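>>> Dropping the sequence and predicted coords here.
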Amino acid sequence: MKYVIGVDLGTSSVKTVLVNQEGEITGEATAAYPLIQERPGYSEQNPEEWVNGTIACLKKLLQESGVPPEDIDGVSFSGQMHGLVLLDEQNNVLRNAILWNDTRTTKECREIEAKLGDKLLDITRNAALEGFTLPKILWVQKHEPELFAKAARFVLPKDYLRYRMTGRVEMEISDAAGTLLLNVPEGAWSEEIAQAFGLPEGFCPPLVGSTEETGTLTPAFAGESGLSPNTRVFGGGADNACGAVGAGIVRKGDAMCSIGTSGVVLTYEEDKSKDFAGKVHFFNHAHPGAFYAMGVTLAAGYSLSWFKESLAPELSFDELLAPVGSLPPGAEGLLFTPYLVGERTPHADSVIRASFIGLSGTHRREHLARAVMEGITFSLAESVELIRAAGVTIERIISIGGGAKNPVWLQMQADIFGTPVVSLKNEQGPAMGAAMMAAVGSGWFGSLKECADKFIGYGKTYEPIPANVETYGRLFKLYQQVYEATRSLNEGLQEFRG
Ligand SMILES: Nc1ncnc2c1ncn2[C@@H]1O[C@H](COP(=O)(O)OP(=O)(O)O)[C@@H](O)[C@H]1O
Ligand SMILES: O=C(CO)[C@@H](O)[C@H](O)COP(=O)(O)O
C-alpha cells in the first residue's frame, strides 16, 4: 500500500495526516505552537516553530504507523493564509511572521485604497483588509525601514515550510490570492501593484499550482524527519481551498459552510469575470483555473464556545444543546449578533461587538443558546445572500466543522439558507484536502474531482422545512437591522473596553 501525507499548518497548531490509497487516515499527529502578541492587535509567530512542530509530527507519524518511509509517495500542505514571512537574499527569516489575525494595518489599508483606487478590485478582486499580506508589507516598509531594506522576497507560512523541506522558494497560487499582489483572474503577479508600492524586483517568488511538484526533500530535512529523500513535495493550498477540497467542493453548484472557531461560506466558481464587488473574497481555487467566493464570520463557533465557557463550563456541547431543539425558530423573540471580536463579512468592522436583542424574563439558558446558534447562522446567511445576489446558484451546501456535529444546527442551516444541507460521513478538514493534493500530484488520480469521488463520502441530507424557511425569512430581516442599530453604540463604548 502507498501513502501520502497532508500537513495542515494552522494558527494554533500543525496537524499531519497519513492517508492510504483508499482515502483512509492511518495516522495522525499534531504539535501546538504559541502566538506572540506583544501589543494589542499584534499577532506574530516564529517560523522556526512551524518547522520544528512539523518535524516532530512527521517523526511521530512514522513511528506510530510503522509505515516504511519509501511507501510514502508525496507530501502536500494546507496553510493559514495571508501571514507575512520576509526573507533576505540568502532566504534567512528577517523577523517574526505577521499573521492573518494581526490588525495593526488599518492605515496601510486606507493607503492602498487611495493609491490604487478602482484598480485594486479590478486586479485583485478583493478589498483591502487588515488581515491580508500587502498591508503588512507596507507596515514593515514604514516602521522597520532598515530591516525592510534587507528583504529580498516574501513567502506565506506553508510556502516557507515547503522551502525548508525542499530548498526551493515558491509561492502556491491559492494562497498568493490572499496577498493583494496577485492578479486573481489571470493567476499571475501584478507588476503594477508591486511597482506602485516600490517592491524590489523578484520580491514575489515564482508561482506554483496546488498539485504541482516542487521537488523532493532535502537530505537534511529527510534526515531530521525520518522521511525518505525521494518523497515528492507538492504545492498545497490556502486552508480554505484545502477545506473546500477536503469537503469535495470541486464542482459548480457546490458550496461549503464551515463552522469552526471562525465561520466560512464558500462557493466553487469557474467564471473568472464573476463580480462580487469585493463584498466577499474571490480567490483562486486549488483546482487549476477555478476560483471560489468566500464570506467569513470571525466569531462563529467561537461565539458558542464563549457562551458555553461563560454560562455552562461544566456541560459538554451536546448537553448544552440538548434542549435547544424543542424551542421554536427565533428562540421566542431573541436575536443574537455574533460580533464578539468584530466582523469581516458583510461588515468589515473591527469596532462592532455582539448583542442579544429582545432578552426577556421568560428566556432561559437554552433560549440564549438557540439564539447564539441562529445568530451565527444568520451571519453566514448574509454571505450566502451576497454570493447569490451576484447570480450564483447554490444547489446544496456541504456543512463541516464543529457546527456540523449537531443535527439541530444542520436542520437550522437548511432552514435559514433555504437550501439542502449535507454533512460528510468522515470529516477530516483541510489536512485531508492537502493529502488529496499530494495524491493527485503523485499520479494516483487524474484530478482533484476524481480523487474527491473516491475519498469523500456524504452523510445525511437536511431538506429545508417550508414553515421554518418562512419564519426565518422574517427573522433574518430583523437580524439584518441590528448591525446598523448597534454600530454607533459600539463606537461610543470603545473607550470603556479593556
Ligand atoms: N458537539 C458540538 N455541537 C455543536 N457545536 C459544536 C460541537 N462541538 C464543537 N462545536 C462548535 O465547533 C467549534 C469548534 O469547531 P472546530 O471545527 O473544531 O474548530 P477549529 O478547528 O476552528 O478550532 C466550537 O467552537 C463549537 O462552537
Ligand atoms: O484569514 C483567513 C482567510 O481569509 C483565515 O481562514 C485564516 O487562514 C485562518 O487560519 P486558521 O484559523 O484555520 O488557522
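Cool, the structure landed. Ligands and ions are numbered 1, 2, ... in the order given.
>>> OK, contacts around the closest residue to ligand 1 within the chain?
Nearest to ligand 1 in the chain, going by C-beta to the nearest ligand atom, is Gly402, at a distance of 1.8 Å. Every C-beta, even on glycine, is put in place using the N, C-alpha and C of the backbone. Contacts for Gly402 (C-beta atoms under 8 Å, 6 or more residues apart in numbering) come out as 259-260, 301, 317.
>>> Of those residues, which is the nearest to Glu170?
Relative to Glu170, the closest of the contacts of Gly402 is Gly260; by C-beta to C-beta it sits at 28.0 Å.
>>> Report pLDDT for the nearest residue to Phe197 once chain neighbours are set aside.
Residue nearest to Phe197 in three dimensions, not counting chain neighbours: Leu138, with 6.3 Å by C-beta to C-beta, 6 or more residues apart in numbering. The model reports Leu138 with a pLDDT of 98.
>>> so how many other residues sit close to Leu138?
Neighbours of Leu138 under the rule other C-beta atoms under 10 Å: 22.
>>> That one against Glu108, yeah?
Yes. Checked against C-beta atoms under 8 Å, the pair Leu138 and Glu108 is within contact range at 4.2 Å.
>>> Quick one: name the residues of the stretch 151-300 of the chain near ligand 1.
Counting by C-beta under 6 Å from any ligand atom, the residues of the stretch 151-300 of the chain lying close to ligand 1 are 259-261.
>>> rerun at 8 Å
Applying C-beta under 8 Å from any ligand atom, one finds that the stretch 151-300 of the chain approaches ligand 1 through 258-262, 300.
>>> Distance check, Gly187 against Gly237.
Between Gly187 and Gly237 the computed distance is 14 Å (C-beta to C-beta, to the nearest Å).
>>> re the thing from before, just the buried ones from the residues of the stretch 151-300 of the chain next to ligand 1?
Neighbour counting with 16 or more other C-beta atoms under 10 Å marks 258-262, 300 as buried within these.
>>> By pLDDT, give me the weakest of the residues you listed.
Where pLDDT dips furthest among those: Thr261, at 87.
>>> Please give me every residue in contact with it.
With C-beta under 8 Å, 6+ apart, Thr261 has these contacts: 299-302, 305.
>>> can you check Trp444 too?
Here Trp444 is in contact with 2, 4, 21, 73, 451 (C-beta under 8 Å, 6+ apart).
>>> could you flag which of the residues you listed are buried?
Looks like the contacts of Trp444 have 4, 21, 73, 451 buried, using 16+ other C-beta under 10 Å.
>>> Greatest separation within these: which pair is it?
Greatest spacing in the buried ones among the contacts of Trp444, by C-beta to C-beta: Asp73 and Cys451 (13.2 Å).
>>> Excluding covalently adjacent residues, which one is nearest to Tyr483?
Nearest residue to Tyr483 in three dimensions, chain neighbours excluded: His347, at 5.5 Å (C-beta to C-beta, 6+ apart).
>>> mind checking the SS state of the one you found?
coil (DSSP: H, G, I helix; E, B strand; the rest coil).
>>> so it touches Glu484, yeah?
No. Counting by C-beta under 8 Å, His347 stays clear of Glu484, with 9.1 Å between them.
>>> Comparing these two, which residue is more hemmed in?
Each of His347 and Glu484 has its neighbours counted (other C-beta under 10 Å); His347 has more, 15 against 9.
>>> Now do the contacts for the residue nearest to the spatial centre of the chain.
Nearest to the geometric centre of the chain sits Asn240, at 3.9 Å (C-alpha atoms, centre = their mean). Counting by C-beta under 8 Å, 6+ apart, Asn240 touches 81, 264, 266, 283, 292, 294, 430.
>>> Brilliant, that's me finished.
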